[in-house]
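**Q** sequence and predicted structure, then a few things I'm wondering about:
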2 protein chains.
Amino acid sequence: MNAIATRPLVLDPDGAADPCARCGVRASSVCDAIPTSDLARLSAAAVTGHAAPGSSFIDEGEPATAFFNITGGTAKLYKLLPDGRRQIVGFVGVGHFLGLAVSDTYAFTAEAMEPVKYCRFSRASLRRLLDDFPAMEKKLLAVASNELVAAQEQMLLLGRKTARERVASFLMAQARLGVACMAPRSHFTLPMTRGDIADYLGLTIETISRTLTKLRTEGLIEIPGATDIVVKNRLAMERIADASE
Amino acid sequence: MNAIATRPLVLDPDGAADPCARCGVRASSVCDAIPTSDLARLSAAAVTGHAAPGSSFIDEGEPATAFFNITGGTAKLYKLLPDGRRQIVGFVGVGHFLGLAVSDTYAFTAEAMEPVKYCRFSRASLRRLLDDFPAMEKKLLAVASNELVAAQEQMLLLGRKTARERVASFLMAQARLGVACMAPRSHFTLPMTRGDIADYLGLTIETISRTLTKLRTEGLIEIPGATDIVVKNRLAMERIADASE
DNA sequence: CGGTCACTTGATCGTCTTCAATACCAGTGG
DNA sequence: CCACTGGTATTGAAGACGATCAAGTGACCG
């Protein structure tokens, strides 16, 4: 009933001097490349901050002065064309590292969907960290490489897949989210609107809605609520997503 | 995969132990992160090879056993769907580093367009190099970051731009290729076929042809030969590419 | 020459978009 | 309790952009 009252509050002996030592997301982020004994270095480099839903904490085109590590909430990353057309290039959650671009300006806007908490590193302080901890650089390279692979997969989706295949791909990717082992979930919640999905898949709201309805009438999925998805026929969905028919 | 790989010593009849010392593309690749005094280490880790036009030296889905540094020629990188639909995720030339994916299999196929020469690093030997030369890891991270930015730009193109905007974007990007300073070339050659351009822009051969013809009849470009492009009105082309009208 | 290959051009088709109406749901205040 | 409101989702009808199908051109080459 009252989680806060029943949960034992673990206090760190060092107090507020070393917040990174008590950071719950360290294990799932690039920060775990810093040895525990050196966490003070990390704490000194990071500045925490937060962003309310609908507000952006990175703005496309603005000078890229800092890097971010998401410690709470979720955000969408998007690029805009002058006339308002929008392409969402990714959804990010806890542990995600942002702003890797070496260029002088941010390549995308990052807007909070749920309240976002983050750690902020200035270019200079991150550079110093990386100089002193090559393991962190290794970790960042691994992260960037994986994102590059994901981006190429998304290019295939945007360039060559049909609306049906895009939606199926998206749903199956969501089903796999946060599931470490093989089995994707059969029931999950979509934390974004139809508009967000559309701008992520290069389609329109109406096409998303129609395609979901079609998949539902075919018995492949169920949609108990607008944001709830139940996959009834995983194999068929995977086949549509992979275009392997 | 009908490419040929040999140890550099074999290709190096005059017996020098470090062919990397005479490598003309070192300056423009990640290899310049290795100090000149340690080039023997680099030479020992690399195995040179080459691929004839039309043949692939990386195959999507195959176990990712090595990394490649292009030292000559150009190649296209693509992903395939089971039914043959193809998405080209990039064109690469001299100095480009390939295979960064941390996953166990290659995410794309790399096929030579012009005769390709490359240096090949096994996972283990590259790892050893990176452990010993953090500067190289830094360089790779910078490269990966920049590619990520480019990939996101391509997502915007594939997801939200019209055929006309895509072709204009592509042409202006080609005009800027290999030009360090601000001014893009007004005349250049396209090293790829219409089919390749189509699969890069998520369109068809016919649409590429029609769109180029339209741009020509409008006086924005000239097409002296199928592979020659002369930009007559750069400003207008940039505006179309950026959708800023 | 006949053959192939790449490109161009034309006619038709289909998928997805656009425009528009309606349904839904939560929050608010009468 | 119920109308009002604004944001979100669904559904329908019409339209457009790019795909597909098909024919024709030109270059290169054995």
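**A** Arrived safely, thanks for sending.

**Q** so is stretch A:115-131 next to chain B?
**A** Yes: using Cβ under 8 Å from any Cβ of the partner chain, stretch A:115-131 reaches chain B at residue A:130. C-betas here are computed from N, CA, C, even on glycine.

**Q** got the buried residues for that stretch?
**A** A:116-121, A:125-126, A:129-130 (16 or more other Cβ atoms under 10 Å in any protein chain shown).

**Q** check stretch A:196-209 too.
**A** Applying 16+ other Cβ under 10 Å to stretch A:196-209 flags A:196-203, A:207-208 as buried.

**Q** then stretch A:22-31?
**A** Buried, per 16+ other Cβ under 10 Å, within stretch A:22-31: A:23, A:25-26, A:29-31.

**Q** could you do stretch A:223-239 as well?
**A** Here stretch A:223-239 shows A:229, A:231, A:234, A:236-238 as buried, counting by 16+ other Cβ under 10 Å.

**Q** cross these against strands and list the overlap.
**A** Mapping the buried residues of stretch A:223-239 onto strands (DSSP state E) picks out A:229, A:231.

**Q** switch the buried residues of stretch A:223-239 over to TSV; also include pLDDT and distance to residue B:155.
**A** Listed next are these as TSV, based on pLDDT from 0 to 100; distance: Cβ to Cβ, whole Å:
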residue	pLDDT	distance to residue B:155
A:229	97	24
A:231	97	26
A:234	97	27
A:236	98	27
A:237	98	23
A:238	98	23
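
**Q** average pLDDT for stretch A:58-65?
**A** In this model, stretch A:58-65 has an average pLDDT of 95.

**Q** among the buried residues of stretch A:196-209, which are within reach of chain B?
**A** A:199, A:201-202.

**Q** now for the buried residues of stretch A:196-209: which two are most distant?
**A** A:196 and A:207 (13.8 Å; Cβ to Cβ).

**Q** CA atoms only: put stretch A:97-114 into CSV for me.
**A** The C-alpha trace of stretch A:97-114 is given here as CSV (Å, rounded to 0.1, in the frame of the first residue of the first chain):
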residue,chain,number,x,y,z
PHE,A,97,23.5,8.2,-22.9
LEU,A,98,22.7,11.2,-25.1
GLY,A,99,24.5,13.8,-27.1
LEU,A,100,27.4,11.7,-28.4
ALA,A,101,27.6,13.9,-31.5
VAL,A,102,31.0,15.3,-32.0
SER,A,103,29.6,18.2,-34.0
ASP,A,104,29.1,21.6,-32.5
THR,A,105,25.3,21.5,-32.4
TYR,A,106,22.8,18.9,-31.3
ALA,A,107,21.4,16.8,-34.1
PHE,A,108,18.0,16.2,-32.5
THR,A,109,15.6,17.5,-29.9
ALA,A,110,15.1,15.4,-26.8
GLU,A,111,11.7,15.9,-25.2
ALA,A,112,10.5,14.2,-22.0
MET,A,113,7.4,11.9,-22.2
GLU,A,114,7.4,10.9,-18.6
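
**Q** got the phi/psi numbers for residue A:179?
**A** phi -100, psi 110 (degrees, to the nearest 10).

**Q** please tell me how far it sits from residue A:185.
**A** Distance of residue A:179 to residue A:185, computed by Cβ to Cβ, to the nearest Å: 6 Å.

**Q** what do you get for residue A:215?
**A** Applying Cβ to Cβ to residue A:215 and residue A:185 gives a distance of 17 Å.

**Q** more neighbours: which of the two?
**A** A count of neighbours by other Cβ atoms under 10 Å in any protein chain shown puts residue A:215 above the other of residue A:215 and residue A:185, at 24 against 16.

**Q** how far away is the residue nearest the centre of chain A from chain B?
**A** When Cα atoms, centre = their mean is applied to chain A, the residue found nearest the centroid is residue A:92 (1.3 Å). As judged by Cβ to the nearest Cβ, to the nearest Å, residue A:92 and chain B stand 13 Å apart.

**Q** which ones among the buried residues of stretch A:115-131 lie within strands?
**A** Members of these lying in strands (criterion: DSSP E): A:116-121.

**Q** how about the residues of chain A near DNA strand C?
**A** A:162-164, A:202-204, A:206-207, A:210 (Cβ under 7 Å from any atom of the strand).

**Q** residues of chain A that sit close to DNA strand D?
**A** Going by Cβ under 7 Å from any atom of the strand, the residues of chain A near DNA strand D are A:193-195, A:205-206, A:208-210, A:212-213, A:223, A:226-227.

**Q** mind checking the longest helix of chain A?
**A** helix A:134-160 (DSSP state H).

**Q** that one and chain B, any residue contact?
**A** Yes: counting by Cβ under 8 Å from any Cβ, chain B is contacted by helix A:134-160 at A:134, A:137-138, A:140-142, A:144-149, A:151-156, A:158-160.

**Q** show me the strands in chain A, by range?
**A** A:46-51, A:56-58, A:66-72, A:75-80, A:86-92, A:97-98, A:109-112, A:116-122, A:187-189, A:221-222, A:228-231.

**Q** what are the buried residues along stretch A:97-110?
**A** A:97-101, A:106-110.

**Q** what are the contacting residues of that stretch?
**A** A:29-30, A:56-64, A:66-70, A:75-80, A:89, A:92, A:118, A:140, A:143-144, B:141-142, B:144-146, B:148-149, B:152-153 (Cβ atoms under 8 Å, 6 or more residues apart in numbering or on different chains).

**Q** per-domain residue ranges of chain A.
**A** Here the domain parsing of chain A from automatic domain parsing is A:3-157, A:161-242.

**Q** the ones you listed: lowest mean pLDDT?
**A** Among these, domain A:3-157 scores lowest, with a mean of 89.

**Q** if we can go back for a sec, the longest helix of chain A packs against which elements?
**A** Where contact means 3 or more Cβ pairs under 8 Å, 6 or more residues apart in numbering or on different chains; DSSP states H and E, helix A:134-160 is packed against strand A:86-92, helix A:123-132, helix A:163-176, strand B:75-80, strand B:86-92, helix B:134-160.

**Q** and the ones you listed as TSV, adding distance to residue B:51?
**A** Converted to TSV, those look like this (distance: least, Cβ to Cβ, whole Å):
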stretch	distance to residue B:51
strand A:86-92	32
helix A:123-132	35
helix A:163-176	31
strand B:75-80	8
strand B:86-92	12
helix B:134-160	21
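
**Q** which of these sits closest to residue B:242?
**A** helix B:134-160 (10.6 Å).

**Q** angle of that closest one against helix B:123-132?
**A** Orientation of helix B:134-160 against helix B:123-132 (axes from the mean of the first three to the mean of the last three Cα atoms, to 10 degrees) gives an angle of 120 degrees.

**Q** coming back round to it: got JSON lines for the strands of chain A, with distance to residue B:244 too?
**A** Below are these laid out as JSON lines (distance: least, Cβ to Cβ, whole Å):
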{"stretch": "strand A:46-51", "distance to residue B:244": "28"}
{"stretch": "strand A:56-58", "distance to residue B:244": "21"}
{"stretch": "strand A:66-72", "distance to residue B:244": "28"}
{"stretch": "strand A:75-80", "distance to residue B:244": "11"}
{"stretch": "strand A:86-92", "distance to residue B:244": "15"}
{"stretch": "strand A:97-98", "distance to residue B:244": "26"}
{"stretch": "strand A:109-112", "distance to residue B:244": "17"}
{"stretch": "strand A:116-122", "distance to residue B:244": "30"}
{"stretch": "strand A:187-189", "distance to residue B:244": "38"}
{"stretch": "strand A:221-222", "distance to residue B:244": "40"}
{"stretch": "strand A:228-231", "distance to residue B:244": "38"}
